[in-house]
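S.K.: return a 3D structure for these sequence lines:
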Amino acid sequence: MVFVNNYLPEPEITEDELYGPEPYDFNFILPVPVLSTDKLRLVPFIPRVHAAAYLEAARGHETMYQYLPGALEYPSDFLRYLERSRRNNTTLIFAAIDLTRPDPKHPEWEGSLAGIFGLIRTEKARLVAEIGPAIVLPAFQRTHVKWAASLLNAASNKVATRMGFKLEGVSRWSCLLPKVEGYPRLGNEARLDDAGNGLLGADHNEWALCWDDWEGGGRELVQRVFARVA
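M.R.: Below you'll find the model as predicted:
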């Protein structure tokens, strides 16, 4: 029997590729939507449009990434994360625009950039997508949803409950947390001599909101959370 394995690893993202192609290609397996309420609008994140404002607002608050499996602390790491996400056709990252706070620097947004919100592991055949990441910039926290599923992030798990998500179970050792100089991560010590030796592992709560949950009151719970204003 003759067979081959022609796998090639993804090439490294160069400095010239940090902002993605132009025109920007979302490369997503579903139609790219714009989602909106009267207070919040989710539009697809375009680095050349949104990254500078996001990075300026996040500067000095890098500890908010401590539960996340990706390295986002430094601008080049954040941009590489966005480009890796774009190249994965099951992932789409949104810019969250707070429509209650105009930004004089960007009147075309009709609001201010409040954070990012993502869909990952989207499967068209199974009609399923996973939420992540959900990052609210410090100036906007307590006005919108902040999302993370780490067992150690009690506040974010509380938000999932308030929004009507149901706990499906715990995914143990679901990912490795990167080492980022100057920014410690919170996780579990891994076993010696494993492939991820020296890195921390993370356990995650698996939350789900299915169509019957949505129609059975979930819509109202989500709208109530999104309608909160500090």
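S.K.: just for this protein, where's the confidence low?
M.R.: 67, 69, 142-149, 174-175, 183, 185, 192-198, 225-230 (pLDDT under 70).
S.K.: what about R162, how many residues close to it?
M.R.: Here the neighbour count serves as a burial measure; for R162 (other C-beta atoms under 10 Å) it reads 14. For the C-beta atoms, the positions are set from N, CA and C on the backbone; glycine is no exception.
S.K.: please disregard the earlier target; I meant P44.
M.R.: By other C-beta under 10 Å, the residues close to P44 number 17.
S.K.: could you measure from it over to G118?
M.R.: Here the distance between P44 and G118 works out to 10 Å (C-beta to C-beta, to the nearest Å).
S.K.: spit out the residues that contact the two alike.
M.R.: 92-94 (C-beta atoms under 8 Å, 6 or more residues apart in numbering).
S.K.: excluding its backbone neighbours, what's nearest the residue nearest the centre of the chain?
M.R.: Per C-alpha atoms, centre = their mean, the C-alpha nearest to the average position across the chain is that of P133, at 1.5 Å. Counting by C-beta to C-beta, 6 or more residues apart in numbering, G118 is the residue found nearest to P133 once chain neighbours are left out, at 5.2 Å.
S.K.: mind checking which helix or strand the one you found is in?
M.R.: For G118, the host element (DSSP states H and E) is strand 112-123.
S.K.: what is that strand packed up against?
M.R.: Using 3 or more C-beta pairs under 8 Å, 6 or more residues apart in numbering; DSSP states H and E as the contact criterion, the neighbours of strand 112-123 among helices and strands are helix 47-58, strand 92-98, strand 128-136.
S.K.: residue boundaries of the helices in this structure?
M.R.: Assigned by DSSP state H, the chain shows helices spanning 47-58, 75-87, 154-162, 211-213, 219-226.
S.K.: just so I know, which of those lies nearest K124?
M.R.: Taking C-beta to C-beta as the criterion, helix 211-213 is the member of the helices of the chain that comes nearest to K124, at 15.4 Å.
S.K.: can you tell me how far V4 is from G60?
M.R.: Applying C-beta to C-beta, one obtains 50 Å for the distance of V4 from G60.
S.K.: mind exporting the strand holding G118 as PDB, just the C-alpha atoms?
M.R.: The C-alpha atoms that make up strand 112-123 are tabulated as PDB, following Å, rounded to 0.1, in the frame of the first residue of the first chain:
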ATOM      1  CA  SER A 112     -17.300  54.000  20.000                       C
ATOM      2  CA  LEU A 113     -15.400  50.800  19.800                       C
ATOM      3  CA  ALA A 114     -16.200  48.900  23.000                       C
ATOM      4  CA  GLY A 115     -14.400  45.600  22.400                       C
ATOM      5  CA  ILE A 116     -14.300  42.500  20.200                       C
ATOM      6  CA  PHE A 117     -16.500  39.500  19.900                       C
ATOM      7  CA  GLY A 118     -15.900  36.400  18.000                       C
ATOM      8  CA  LEU A 119     -17.500  33.200  16.500                       C
ATOM      9  CA  ILE A 120     -15.200  30.200  16.400                       C
ATOM     10  CA  ARG A 121     -15.500  26.600  15.300                       C
ATOM     11  CA  THR A 122     -18.500  27.400  13.100                       C
ATOM     12  CA  GLU A 123     -19.900  24.300  11.500                       C
END
